[in-house]
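Undergrad: Here's a sequence, model it:
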Amino acid sequence: MRSERPPHALLLVGPARVGKTTLALDLACGLLCLRSEPSERPCRECSACRKVDHGNHPDLHRLAPEGAGQQIRLGQVQALTAELALMPAEGRFRLAIIEQAHRLNQDAQNALLKTLEEPHPKVVLILAADESASLLPTVVSRCARLRLGPVAAEVITDMLAGAGVADASRGARLARLAGGCPGRALAIAAQPEVLVAQDRLARRLVALLGGDRRERLAALDELLEDAAGLVLTDETAETPAERPARRSRAASSRAAPAERRLAAAQLLSIWRDVTRDLALAAHGAVSELRLRELADDMLDAGSTVSGPALAQFLARLDEAGRAVDAYANPELVLDVLLLKWPRSGRAA
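TA: Modelled structure (predicted):
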C-alpha cells in the first residue's frame with residue numbers, strides 16, 4: 001500500500017473463519033482508499049472506503065462458491081476476467097477477491113491462469129483458501145503467499161469483549177471452541193443454542209466409545225441432527241425459526257445433498273475436537289482441552305482408550321473430510337467412522 005506496487009496475485013491460506021476474507025477486504029480498502037498519504041490508508045472515512053465496506057465499490061469484485069456443490073465454476077471465472085480486463089472506474093486498481101478459492105474447479109483454475117500469467121498492471125487478485133492442496137501448482141506458483149495461523153485464545157476473548165458480544169468468562173469458552181478462528185467465535189456468539197448442541201454431540205460421541213456396533217450405527221440420525229444445528233447461519237442464509245426444520249431434515253433421506261454434506265462436515269469438526277481432547281486427557285493436559293466442560297468425562301474415557309488408536313482415528317477423520325468434500329456419500333462415510341471409533345478398555 002505504501003509503494004502502490006502490490007503483487008498482482010496474493011494467496012491467503014488458513015483455517016476456515018480465521019480471517020482471510022476480512023484481511024482481503026482490509027487490503028482492498030487500503031489499495032482503493034482516497035487518502036493522499038499512503039500511511040493513513042485505509043482511513044475508513046472516505047467515499048472509497050465506505051463503498052468497500054458496503055460492498056458497492058465498482059472496482060472491487062468478489063467471487064464465491066455457488067450451487068448445491070458449492071463450487072466456483074468456469075462461467076464465474078470467465079465473467080470475472082472480463083470485468084478485470086476493463087480499466088479502473090474510480091480507484092487506482094481493479095481488485096478481485098476469490099473467497100474459498102480451494103473450491104475453484106479445475107476448468108475454472110485453468111481459465112484463471114491467463115490472468116495470472118499476463119496480469120494487467122492495474123489488476124490485483126486476492127485468493128482466500130482454507131488449504132492450497134486442491135489448487136493447481138501453476139496457480140499457486142504465480143501468487144505471493146501468506147499463511148494465516150490460528151489466533152491466540154486471549155486475543156479472541158478480548159475481541160469478543162470489545163465487540164460487546166460476550167463477557168470474559170463466556171468469551172474464553174467461545175475462544176476455546178473456535179479453535180483460533182475469530183469468525184467462528186463471533187458466529188457462535190450470535191447463536192447460543194449452538195453451544196448446547198455442541199455439548200450434547202460431544203457427550204454422545206464420548207459415550208459411544210463404550211457402545212457396540214448396533215448402538216453406534218443407530219446413533220447416526222441423532223448425531224447428524226445435532227450436527228445440522230451447528231451449521232452457522234451465515235452459511236445457510238436461514239432465520240432462527242428455520243433451524244429446527246433444517247436439523248430434522250438433515251438427518252433424513254429428504255435432505256438436499258448440500259445440507260447433508262454441511263451437517264457431516266460439522267460432525268467431523270466436533271469429532272476431531274473430541275478425539276484431540278481425549279488424547280490430551282490421556283496425558284493429563286486438562287488445561288489444553290477445548291471442550292473443558294467435559295473434562296471429567298474426557299479424563300475417565302481417555303485413560304481407557306489407546307493413544308495410537310486415537311492418533312490413527314484423527315487421520316481417518318481427515319480422510320473422511322476430504323471424501324465428503326469430494327462428494328462421497330456422507331452417511332456411508334460416517335457409518336465407517338462409527339464402526340472404527342476406538343473402544344474404551346472397559347468396553348473391549
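
Undergrad: longest single helix anywhere in this structure?
TA: helix 257-282 (DSSP state H).

Undergrad: hey, C-alpha coordinates of whatever helix or strand comes next after it in CSV?
TA: Moving toward the C-terminus from helix 257-282, the next helix or strand (DSSP states H and E) is helix 295-302. Once non-C-alpha atoms are left out, helix 295-302 reads as follows in CSV (Å, rounded to 0.1, in the frame of the first residue of the first chain):
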residue,chain,number,x,y,z
ALA,A,295,-13.1,-32.6,31.4
ASP,A,296,-14.3,-35.3,33.8
ASP,A,297,-15.7,-37.4,31.0
MET,A,298,-12.6,-36.9,28.9
LEU,A,299,-10.3,-37.9,31.8
ASP,A,300,-12.3,-41.0,32.5
ALA,A,301,-12.6,-42.1,28.9
GLY,A,302,-9.1,-41.0,27.9
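
Undergrad: tell me which residues of stretch 210-224 are tucked away?
TA: In terms of neighbour count (16 or more other C-beta atoms under 10 Å), stretch 210-224 has its buried residues at Gly211, Arg216, Ala219, Leu220, Leu223, Leu224. Every C-beta, even on glycine, is put in place using the N, C-alpha and C of the backbone.

Undergrad: pretty sure Ile98 contacts Ile126?
TA: Yes: counting by C-beta atoms under 8 Å, Ile98 touches Ile126, with 7.1 Å between them.

Undergrad: one step back: any idea of the mean pLDDT in the longest helix of the chain?
TA: Here helix 257-282 scores 88 as its mean pLDDT.

Undergrad: repeat for stretch 19-26
TA: The model assigns stretch 19-26 a mean pLDDT of 95.

Undergrad: go on, stretch 322-330?
TA: 86.

Undergrad: before we move on, what SS does the residue lying closest to Leu208 once chain neighbours are set aside have?
TA: Spatially, and ignoring its direct neighbours in sequence, Leu208 is nearest to Arg216 (5.5 Å; C-beta to C-beta, 6 or more residues apart in numbering). Look at Arg216: counting by DSSP: H, G, I helix; E, B strand; the rest coil, its state is helix.

Undergrad: Contacts only, for Arg216.
TA: Residues counted as contacts of Arg216 (C-beta atoms under 8 Å, 6 or more residues apart in numbering) are Leu208, Leu338, Leu339, Trp341.

Undergrad: wait, what's in contact with the residue lying closest to the last one once chain neighbours are set aside?
TA: It refers to Trp341. Nearest non-adjacent residue to Trp341, counting by C-beta to C-beta, 6+ apart: Leu208, 6.1 Å away. Listed by C-beta under 8 Å, 6+ apart, the contact partners of Leu208 are Glu215, Arg216, Ala219, Leu338, Trp341.

Undergrad: Quick check: chain neighbours aside, which residue is closest to Gly183?
TA: Per C-beta to C-beta, 6+ apart, closest to Gly183 is Arg17, 3.3 Å.
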